[in-house]
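> coordinates for the following, if possible.
(chains A and B)
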Amino acid sequence: MQTTNVTYLSVTSTFHTRLLALVLTVIALTIFGIKVFQYKYPLTPGAQTTTWDFEVYLDFDTANQPVRIETFIPSNSDTRSVSQEQYYNGAFGLRLESDDEDGRKAIWTYRYPDDRKVLRYRARLEGETQRSPLPAEMHRPADREPPGSLNDLERQAFIVWSSDMRRRSADNESLAELILQEIFVEKDADEIEALLPALPPPLDRLTLAAEALQSQGIRARVANGVYLDEARRRTEVQHWLEYHVEGRDKRYFIGPDPKEFFTIWYGTEEMIRADGVFDFEPQVSIQPIDSSTSDVVRKAAREARNPVELFSFDRLPVTTQLVYQVLITIPAGIVLLVFMRQFIGIETLGTFMPILIGIAFRETALLNGIILFTMLVALGLAMRFYLEKLRLLLVPRLAVVLIFIVICMAVIAQVFNGANMRMGLSISLFPMVILTMTIERMSIMWEEYSAEDAIKAGAGSLLIASLSYLVMTNQHVEYLLFNFPELLLILMAACLLMGKYTGLRVSEIIRFRELAKQAEK
Amino acid sequence: MIRTWIALRKAGLLGINERNLRLVNDLNPRRLMRLVNDKTETKRLAIEAGIATPELYGLIRNPLDMRNLEKLLDKPDGCVIKPANGSQGNGIQVILGPMRGGWRRSNGQRALLEDLRFHVNNILSGMYSLSGQPDVAMIEYRVKFDEVFDPISFGGVPDIRIIVLRGIPFVAMVRLPTAESDGKANLHKGGVGVGLDLVTGRTMHGMQNGKTTEIHPDTANPLSNLKVPHWDEMLLMAAKAYEVTGLGYLGADIVLDKGKGPLLLELNARPGLAIQVANRMGILPLVNATLKADTEGMSAEERVEMAKKLYRSFAPERIFA
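Prediction:
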């Protein structure tokens, strides 16, 4: 009875596992198929969108008096997007102010700063083109009124000039073109010179043009932003004109039209205003980067509000999305680890320790990570062997090793920071508790088994950590898992099936090769 | 590599994955594992079932008990300190007897009370226990092993490992200490494993560090054709261990004491696979046959008889010249 019971159990559980794996795979492939074939989700990160790394870098001196720095920062609209925003505030207070009219502002304040300070704003931008529609508020008709800022005499001149323009045009579209031509091309017209507001060029002419168009019932405004053309460490803030005429959205650029640009704010205010600082060096830089997965997916989601969106992360806030972009790749690393353990038979220290090390490598990059890991483990082991002589209890001993690791990390960070290497800064994200446990396990293995076994297990862990890092940071893996989270079910199915693998491991083939020789005889 | 793989498959090699899935997972319910992980529990069960074990002198459960340590160690014939939840022989300290200012260790060195206190403290803090949980230190009778293995062992206690499947002993080996293993009989520390014929209890071939060998590396004496005394008694002990614990797959570690005969040292719920190399045979066919065997209502003695029959049908008796 017991026999049948055992085989029965074994067979049904195998069948059950396979069925479950099959069901999971079918569900995953169905959702995946719908996304790909019906909603045309791209399968590769592709180059459909270029995103730009945008940075405002503010470097200044302070003298113990209140500092207030305001800067316009990019904001989202239907045609452009900002993601992955990061603020480096230091000790400054940060306030964000949103204004539909002008744009979004970051305001940094600090009461009694001293010394040189640095503030940074970073974001990823996805820009607009000449074909992008203007925001909806530009579609409202304008009031036909001469600009209010002029005095009586100027107003007279303005009315004469604009009615002259009106007479010479056939419709609003040709009127707009004529006005722009008059202001920007035939620059030496005296009337224009007289009407220009007191603003730095080219804002003066742009403002005049906007006012002239508005007075003729054509909605227009000055837009400011950056051209996204090539990597620039110091990019110029650009100004242009947006107007809406005869149901069409138009932009007037001074000089040749840029292929791609990003509107940051409207109006004639300066981008950055600073009070209470000296030696102020604002710097705006842009750099093209490989299209990021989240941008592509949000674009796809915008285009089609569809039911499969439920299986995507694009409803979450950007910062949360970023977290998931990392988290979601971990299962891929786990599957690799399971494979390496069950099929290859590589020994590791701790079950999932290699994955955690692999995640830590994200911050340090691979080579630096391996160097740091080896260095810290070696130092920790040396400390651990020394502590062995003092005969301490287990938990306090672990604590001593942990503190020692933290000190080592701090020292390494200092040394490398002095040498101006980024590597040193990334170290702080290394999981020190995991390192401590690694060291403890390794040292016990070292004593109980042999140095060879301990080093083998350490190297095995490092190997799996490196491979899992490569898998987890692979562009395609990240893209696929982030945009098609249903694929996790397939990974789960793979693990289920591997959980029923009864075959030999590669390591066992090597271990028992003597037996094979025997059998061959 | 592929040729080796095919050869191993043909030889019926049992791999770790298969052992874990088909034997450990299916036959050893987790709640029963405690019975063998905790050696004090195993000892209690064994005594109840009439299986001989080394006498327990005392336990040290917490630092307060530590004041008893000196008294417990004070045995003219020495004693053994071991963690109740240790694995793979880790944390075992053998004391041969008192000497001036301390105790003599198995390797001849002197251990001070302070050294032993530290060791016991490490045991209590869980350094040797499976999951690092606080543990209990056992102090028990030091086995005075039978001279039968003297020609083929070096400085330590040889022990006999019998693997039992559903109460049927089906493969066995004797583990011999070497200089390399520092007097310990653990194979992964460099001990020598010698396959035993399950029917006769005679030694066959040996292995060390995964490689086959015919002689003991330190004494250079041939390993084969040595009859283990009290063999049937040992098989019976192993078979009974199944009834005591309920574990369908277990390894029984037995030592042979000069005066007291075979003593059950400990039980293991996931015995290793190196025994296959020591026996020069893959055990998968034997495993499958043993799993199919009908043991309904059989006594331990009957199962031992069945074990011998099953074993002989897969492994013919070797005739030594």
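> give me the below-cutoff pLDDT ranges for chain B.
B:130-132, B:320-321 (pLDDT under 70).
> reduced to three states, what does the one residue sitting closest to the centre of it come out as?
Most central in chain B under Cα atoms, centre = their mean is residue B:253, positioned 2.6 Å from the mean C-alpha point. When the structure is split into helix, strand and coil by DSSP: H, G, I helix; E, B strand; the rest coil, residue B:253 lands in strand.
> before we move on, what about residue A:236?
Classification of residue A:236 into helix, strand or coil gives coil, according to three-state DSSP.
> residues contacting it?
Residue A:236 makes contact with residue A:226 under the criterion Cβ atoms under 8 Å, 6 or more residues apart in numbering or on different chains. From N, CA and C alone the C-beta is placed, and that goes for glycine too.
> could you dump stretch B:241-253 to PDB, C-alpha only?
The C-alpha trace of stretch B:241-253 is given here as PDB (Å, rounded to 0.1, in the frame of the first residue of the first chain):
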ATOM      1  CA  ALA B 241      16.000   3.100  12.800                       C
ATOM      2  CA  TYR B 242      13.300   3.300  10.200                       C
ATOM      3  CA  GLU B 243      10.600   2.200  12.600                       C
ATOM      4  CA  VAL B 244      12.000   4.600  15.300                       C
ATOM      5  CA  THR B 245      12.000   7.700  13.100                       C
ATOM      6  CA  GLY B 246       9.600   7.000  10.300                       C
ATOM      7  CA  LEU B 247      12.000   8.400   7.800                       C
ATOM      8  CA  GLY B 248      11.900   6.500   4.500                       C
ATOM      9  CA  TYR B 249      15.400   7.400   3.500                       C
ATOM     10  CA  LEU B 250      18.100   7.600   6.000                       C
ATOM     11  CA  GLY B 251      21.700   6.900   6.700                       C
ATOM     12  CA  ALA B 252      22.600   5.200   9.900                       C
ATOM     13  CA  ASP B 253      26.100   5.900  11.300                       C
END
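> check the offset of that stretch from the chain's centre.
When distances are taken as Cα atoms, centre = their mean, to the nearest Å, stretch B:241-253 is centred 12 Å away from the chain's centroid.
> buried set for it?
Applying a neighbour-count criterion of 16 or more other Cβ atoms under 10 Å in any protein chain shown, one finds B:241-242, B:244-253 buried in stretch B:241-253.
> near chain A, which residues of the stretch 201-321 of chain B show up?
With Cβ under 8 Å from any Cβ of the partner chain as the criterion, the stretch 201-321 of chain B meets chain A at residues B:207, B:210-212, B:248, B:273, B:276-277, B:280-282, B:291-296.
> which parts of the stretch 201-350 of chain A are strands?
Secondary structure of the stretch 201-350 of chain A (DSSP state E, counting those that start in this stretch): strands at A:219-227, A:238-245, A:248-253, A:261-266, A:272-275, A:277-289.
> likewise the stretch 1-150 of chain A?
Taking DSSP E, counting those that start in this stretch as the criterion, the stretch 1-150 of chain A carries its strands at A:51-63, A:67-73, A:81-88, A:93-99, A:103-110, A:114-126.
> so which of those strands comes closest to chain B?
Proximity to chain B (Cβ to the nearest Cβ) singles out strand A:81-88 among those, at 39.9 Å.
> tell me the strands beside that closest one, with direction?
Sheet neighbours of strand A:81-88, with direction, are listed as strand A:114-126 (antiparallel) (DSSP bridges).
> give the buried residues for the very next helix or strand once past the partner strand.
On the C-terminal side of strand A:114-126, the closest following helix or strand by DSSP states H and E is helix A:152-168. When burial is assessed from 16+ other Cβ under 10 Å, helix A:152-168 yields the following buried residues: A:157-158, A:161-162, A:165.
> output the contacting helices and strands for helix A:152-168.
If you count contacts as 3 or more Cβ pairs under 8 Å, 6 or more residues apart in numbering or on different chains; DSSP states H and E, helix A:152-168 packs onto helix A:172-180, helix A:190-195, helix A:203-215.
> list the contacts for the residue of the stretch 51-200 of chain B found nearest chain A?
Scanning the stretch 51-200 of chain B for proximity to chain A using Cβ to the nearest Cβ identifies residue B:125 as nearest, at 3.8 Å. Taking Cβ under 8 Å, 6+ apart as the contact definition, residue B:125 lies against A:393-395, B:134-135.
> could you do residue B:94 as well?
B:78, B:80, B:105-106, B:142, B:156-157, B:183.
> could those go into CSV alongside distance to residue A:202 and neighbour count?
As requested, the contacts of residue B:94 are arranged in CSV below (distance: Cβ to Cβ, whole Å; neighbours: other Cβ atoms under 10 Å in any protein chain shown):
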residue, distance to residue A:202, neighbour count
B:78, 98, 19
B:80, 93, 19
B:105, 91, 18
B:106, 93, 20
B:142, 97, 21
B:156, 93, 22
B:157, 95, 24
B:183, 91, 18
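> among these, name the ones in strands.
Secondary-structure check on the contacts of residue B:94 using DSSP state E: residues within strands are B:80, B:105.
> closest to residue B:308 among the contacts of residue B:94?
Nearest to residue B:308 among these: residue B:157, at 26.8 Å, using Cβ to Cβ.
> now that closest one: phi and psi?
When quoted as degrees, to the nearest 10, the phi and psi of residue B:157 stand at phi -100, psi 120.
> residues contacting it?
Neighbouring residues of residue B:157 by Cβ under 8 Å, 6+ apart: B:94, B:143, B:145, B:177, B:183, B:185, B:255.
> leaving out sequence neighbours, find the closest residue to it.
In space, not counting the residues next to it along the chain, residue B:157 is nearest to residue B:145; the distance is 5.2 Å by Cβ to Cβ, 6 or more residues apart in numbering or on different chains.
> swap in residue B:97?
residue B:78 is the one closest to residue B:97 (Cβ to Cβ, 6+ apart), at 4.3 Å.
> quick one: contacts for that neighbour?
Remark: with contacts taken as Cβ under 8 Å, 6+ apart, residue B:78 is in contact with B:94-97, B:103-104, B:142.
> mind checking which of those residues are in helices?
In helices, defined here by DSSP state H, there are no members of the contacts of residue B:78.
> strands along chain B, start to end?
Applying DSSP E to chain B gives strands spanning B:56-60, B:79-83, B:93-99, B:102-105, B:110-111, B:137-141, B:159-165, B:168-176, B:192-196, B:203-208, B:211-213, B:249-257, B:261-268.
> any chance of the ones you listed in a markdown table, with distance to residue A:34 too?
As requested, the strands of chain B are arranged in a markdown table below (distance: least, Cβ to Cβ, whole Å):
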| stretch | distance to residue A:34 |
| --- | --- |
| strand B:56-60 | 64 |
| strand B:79-83 | 57 |
| strand B:93-99 | 65 |
| strand B:102-105 | 71 |
| strand B:110-111 | 71 |
| strand B:137-141 | 62 |
| strand B:159-165 | 50 |
| strand B:168-176 | 54 |
| strand B:192-196 | 58 |
| strand B:203-208 | 57 |
| strand B:211-213 | 57 |
| strand B:249-257 | 47 |
| strand B:261-268 | 52 |
